[in-house]
Structure formats: structure tokens, C-alpha cells
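**Student:** sequence first, then the predicted structure:
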Amino acid sequence: MMEQWLNKLERKMGRHYITNLMQYLCIGMLGVFVLEYLPLPRSAYYMLYFNRDLILQGEIWRLITFIFLPPNSSLIFILLSLYFYYFLGTSLESRWGSARFNLYYGIGVLGNIIAGFITGAATNSYLNTSLLLAYAVLYPEMEFMLFFFLPVKVKWIGWAWGAYLIYQLIVQPLPYKISLVFSFLPFVLFFGKQAWNQGRMDLRRLGYWIRNRK
């Protein structure tokens, strides 16, 4: 049923989608980071972040511009993050096609906007990291070089990240919980049943491996 609904939405999009969407998002985030170092009257972050009160006062560009805010960290971390986002996004777009990837990301943006009007603020960080879980479901046996030297299958990275997000969902204040839930709405819609079934299978395999190690 869910797959039929997503297919219907994808058909309704027609040709109204952006090819290489993740490339533009990463270029935008890098551009905002560079603008922070220019002598501008106001901070680029301040001008672009999601603020419900300012949006209601007429600054409607904030409904979209918050998706171009980069992680708030050092240059090296930001470059690594943007490379990782680009890799994940282009991999998913290559697997699905541009229309379906636009649909996935667009649902996430809409979810964050809804969360933003509920809580007062919105972020793109959870949405971008949801791409990792989507990649882990589609390519579970692919290996990443953790810390640049330790090969780990991406499904186990996805499991670790999923456990961390569940922990965040438990300990964080309500506004963060709302933001997290709405950010991962596209993942649930696209992969909910598949991720559940794959997760149960991985747990059985892990249990079998542990039992045979004793």
C-alpha cells in the first residue's frame, strides 16, 4: 500500500524534479560556510536559519534556506560531512532515479517545516543523516573504512546509528524528539517494513554467530 502511494506521488511529480539534488545542497552548504568568514552586516546563519516567529513576520525564505546550513563545526569536519552527504545522496539517486530521491528529500523537508511550526525551529541535520540509514537498507553488505582503516559493513554502522537515534529520542527534550521523528518520516515511509524485516534477520544472524562463538 505504501509503495503504491509513493509510486503515485512520483508519477504526479512528472518532470518537476531536480537532477543531482545532493550536489546543489552540498554546494549551498559549503557556500554558507564560506559566507560566514566574509565581512557581512549579518551572519549568513542568522539570515537563513528556520525561525517560526520571523517566518510569520514575512521572512518566508527561511522555509527553505535552512536546508543549506552546514554542520556547525571545523572546516575539516564540514568537508568530510559534505563529501559523505554527497556520496550517500548520489548513490541513492543513482539507485532510485532523480524523481524518487527528490520525493524522499522533499518529504523530509516538509516534515521539518511541520516540526518547525510546532517547536519554533527546524534543522536539516537529522534529515541528512537519515540518508545513511536509507543507504544501509539498500546496500547492507557494502563496506566502509571506519577511521580510514577498519572495514565495517554499512548495515552495522546503520544499526549503531539507529541505536544512537533511539537513545536521543528517549533522553532529548520534546522539541528535539518532534524534530527527529519528522526528519525520519521519509525513511519510515520508504523503508519501514523492509528495515524491520531486515533488522530481525540481522539480529538472528548475530545471535547465531554469538552462540557459535561460545
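**Tutor:** Yep, that arrived.

**Student:** how about low-confidence regions in this structure?
**Tutor:** Applying pLDDT under 70 to the chain picks out residues 1-2, 147-148, 194-214.

**Student:** now with 90?
**Tutor:** 1-17, 36-44, 71-77, 121, 137, 140-163, 166, 169, 172-176, 188-214 (pLDDT under 90).

**Student:** show me where it has its helices.
**Tutor:** Assigned by DSSP state H, the chain shows helices spanning 2-13, 21-35, 44-48, 52-56, 62-65, 75-96, 98-119, 125-138, 154-171, 174-183, 185-213.

**Student:** for these, which one sits closest to Met145?
**Tutor:** Proximity to Met145 (CB to CB) singles out helix 154-171 among the helices of the chain, at 11.0 Å. C-beta coordinates here come from the backbone N, C-alpha and C atoms, glycine included.

**Student:** next, count neighbours for Ile107.
**Tutor:** 20 (other CB atoms under 10 Å).

**Student:** restricting to C-alpha, output stretch 112-126 in CSV.
**Tutor:** C-alpha atoms of stretch 112-126 as CSV (Å, rounded to 0.1, in the frame of the first residue of the first chain):
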residue,chain,number,x,y,z
ASN,A,112,10.9,19.5,9.2
ILE,A,113,8.8,22.5,8.3
ILE,A,114,5.9,21.0,10.1
ALA,A,115,8.1,20.2,13.1
GLY,A,116,9.4,23.8,12.9
PHE,A,117,6.0,25.3,13.2
ILE,A,118,5.3,23.0,16.2
THR,A,119,8.5,23.7,18.1
GLY,A,120,9.7,27.0,16.7
ALA,A,121,12.8,25.8,14.9
ALA,A,122,13.9,23.2,12.4
THR,A,123,17.2,21.6,11.3
ASN,A,124,18.5,19.7,8.3
SER,A,125,21.0,17.6,10.3
TYR,A,126,18.6,14.7,11.1
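
**Student:** from the chain's centroid, how far away is it?
**Tutor:** 13 Å (CA atoms, centre = their mean, to the nearest Å).

**Student:** show residues contacting that stretch.
**Tutor:** Contact partners of stretch 112-126, identified using CB atoms under 8 Å, 6 or more residues apart in numbering, comprise 49-53, 63, 66-69, 71, 109, 127, 174-175, 178-184.

**Student:** report the buried residues of it.
**Tutor:** For stretch 112-126, burial by neighbour count (16 or more other CB atoms under 10 Å) applies to Asn112, Ile113, Ala115, Gly116, Thr119, Ala121, Ala122, Thr123, Asn124, Ser125, Tyr126.

**Student:** out of those residues, who's nearest Gly89?
**Tutor:** Asn124 (12.3 Å).

**Student:** if we can go back for a sec, which of the buried residues of stretch 112-126 sits closest to Phe77?
**Tutor:** Using CB to CB, Ser125 comes nearest to Phe77 of the buried residues of stretch 112-126, at 12.6 Å.

**Student:** from Leu6, how far out is that closest one?
**Tutor:** To Leu6, Ser125 is 24 Å away according to CB to CB, to the nearest Å.

**Student:** I'd like to know how many residues surround Tyr176.
**Tutor:** Neighbours of Tyr176 (other CB under 10 Å): 17.
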